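Trainee: Structure, please.
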Amino acid sequence: MIETLAEAEDNDIINAQSRFMLEGVIRMADMTAGDAMVAAPRMELLSIDAPFDELLHQVIDTAHSRFPVYEDDRENIIGILMAKDLLKLQRAPELNIRALLRPAVFVPESKGLNDLLRQFRDNRQHLAIVIDEFGRTAGLITIEDVLEEIVGEIEDEFDIEEEAGDIFGLADQTYRVSGDTSLERVSEAFGVKLNPDVLDAETHDFDTIGGLIAHEMGHVPQRGEKFSLSGLDFVVLHTRGGAVRWFKVSPTSRNKK
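Mentor: Residues are numbered from 1 along each chain as shown. Below is the predicted model:
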């Protein structure tokens, strides 16, 4: 079938974007929730017992719209908190955060993405907790994760057009940095000294911060992964085509105060 789509594009029956999406639909038919989920170690969770200021900082820092909430142990997920609902606590501190939680949906790792997409659509859900065969939390998956298997990365309201710049500040005093930003630019912007050997184009086949991080980690970074280098903390925000498109960056010292 994939070969047929390639022929159709070659014969101008469909365009490249249509071929890309149709191939995604075909591939998705053989994929499961476990294939597209954010693995448990990279899940951003909120503790039901955390103070409001800590919860607010985490919501701002990660820029997600929905968060699994746990009690006592990360395995004990008791519900989902919408970021917008957290504002209700700010206006009415007497409210109990438990009253704001929405039921968590649990799906097995083996659940097909086609079935999961249908479930998301029919039940108007956007996030599910993925569990393994032993009933433990394996990760989480969102409707965006499923749709991205078809259409590629979906940009949200926090995404910035590429021509808007490669490094720019965010409201929480961190920075958003394009994976294509040159090492020299990062060094200059943050006042850090990267390993001089890395800057030697004759011995390395990359000159971008995304290439450097992937080289140092020894694998292609995944969304949610964190890495510290030259006094900077990097969090992978978005990936595309096997490369990091956006990092969230902050000085390491800022996070150790």
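Trainee: For this protein, which segments count as strands?
Mentor: Using DSSP state E, the strands found in the chain span residues 38-39, 46-47, 66-71, 73-82, 106-108, 127-131, 137-142, 167-169, 175-178, 226-229, 232-240, 243-251.
Trainee: closest to residue 184 out of those strands?
Mentor: strand 167-169 (12.0 Å; C-beta to C-beta). Bear in mind the C-beta positions are built from the backbone N, C-alpha and C, glycine included.
Trainee: Could you give me the buried positions within the closest one?
Mentor: For strand 167-169, a neighbour-count test (16 or more other C-beta atoms under 10 Å) marks residue 167 as buried.
Trainee: roughly how far is that strand from the heart of the chain?
Mentor: Using C-alpha atoms, centre = their mean, to the nearest Å, we find the averaged C-alpha position of strand 167-169 to lie 18 Å away from the chain's own average C-alpha position.
Trainee: Now do that strand: which elements does it pack against?
Mentor: Packed against strand 167-169, as judged by 3 or more C-beta pairs under 8 Å, 6 or more residues apart in numbering; DSSP states H and E, are the following elements: strand 175-178, helix 183-190.
Trainee: and these as CSV, adding mean pLDDT and mean neighbour count?
Mentor: Listed next are the helices and strands packed on strand 167-169 as CSV, based on pLDDT from 0 to 100; neighbours: other C-beta atoms under 10 Å:
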stretch, mean pLDDT, mean neighbour count
strand 175-178, 86, 22
helix 183-190, 88, 16
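Trainee: if we compare the strands of the chain, which one ends up closest to residue 91?
Mentor: Nearest to residue 91 among these is strand 73-82 (14.8 Å), distances taken as C-beta to C-beta.
Trainee: thinking again about what came up before, residue 191: which of the strands of the chain is closest?
Mentor: The stretch from the strands of the chain with the least distance to residue 191 (C-beta to C-beta) is strand 243-251; that distance is 9.2 Å.
Trainee: Does residue 245 touch residue 236 like I think?
Mentor: No - counting by C-beta atoms under 8 Å, residue 245 does not reach residue 236; the two are 9.0 Å apart.
Trainee: So these two - more neighbours on which side?
Mentor: Taking residue 245 and residue 236 together and counting by other C-beta atoms under 10 Å, residue 236 has the greater number of neighbours (23 against 19).
Trainee: Next up, the contacts around that one.
Mentor: Applying C-beta atoms under 8 Å, 6 or more residues apart in numbering, one finds that residue 236 lies in contact with 221, 222, 223, 224, 225, 226, 244, 246, 247.
Trainee: Show the pLDDT at it.
Mentor: Here, the pLDDT recorded for residue 236 equals 87.
Trainee: Residues in a beta bridge with it, which ones?
Mentor: Here residue 236 shows beta-bridge partners residue 247, assigned using DSSP bridges.
Trainee: Over to residue 131?
Mentor: With DSSP bridges as the rule, residue 131 is bridged to residue 108, residue 137.
Trainee: and it, how many neighbours does it have?
Mentor: The number of residues packed near residue 131 is 20, by other C-beta under 10 Å.
Trainee: again with residue 136
Mentor: Using other C-beta under 10 Å, residue 136 has 9 other residues around it.
Trainee: Skipping its backbone neighbours, what lies nearest it in space?
Mentor: Taking C-beta to C-beta, 6 or more residues apart in numbering as the measure, residue 136 lies nearest to residue 75, with 6.3 Å between them; neighbours along the chain are not counted.
Trainee: My read is that the one you found contacts residue 134, right?
Mentor: No - taking C-beta under 8 Å as the contact criterion, residue 75 and residue 134 are not neighbours in contact, 10.9 Å apart.
Trainee: For those two, indicate the residue with more neighbours.
Mentor: Taking residue 75 and residue 134 together and counting by other C-beta under 10 Å, residue 75 has the greater number of neighbours (11 against 6).
Trainee: Pull up the gap between the more buried one and residue 129, please.
Mentor: 10 Å (C-beta to C-beta, to the nearest Å).
Trainee: count of neighbours near residue 7?
Mentor: 11.
Trainee: Please apply the same query to residue 91.
Mentor: For residue 91, the number of neighbouring residues by other C-beta under 10 Å comes to 7.
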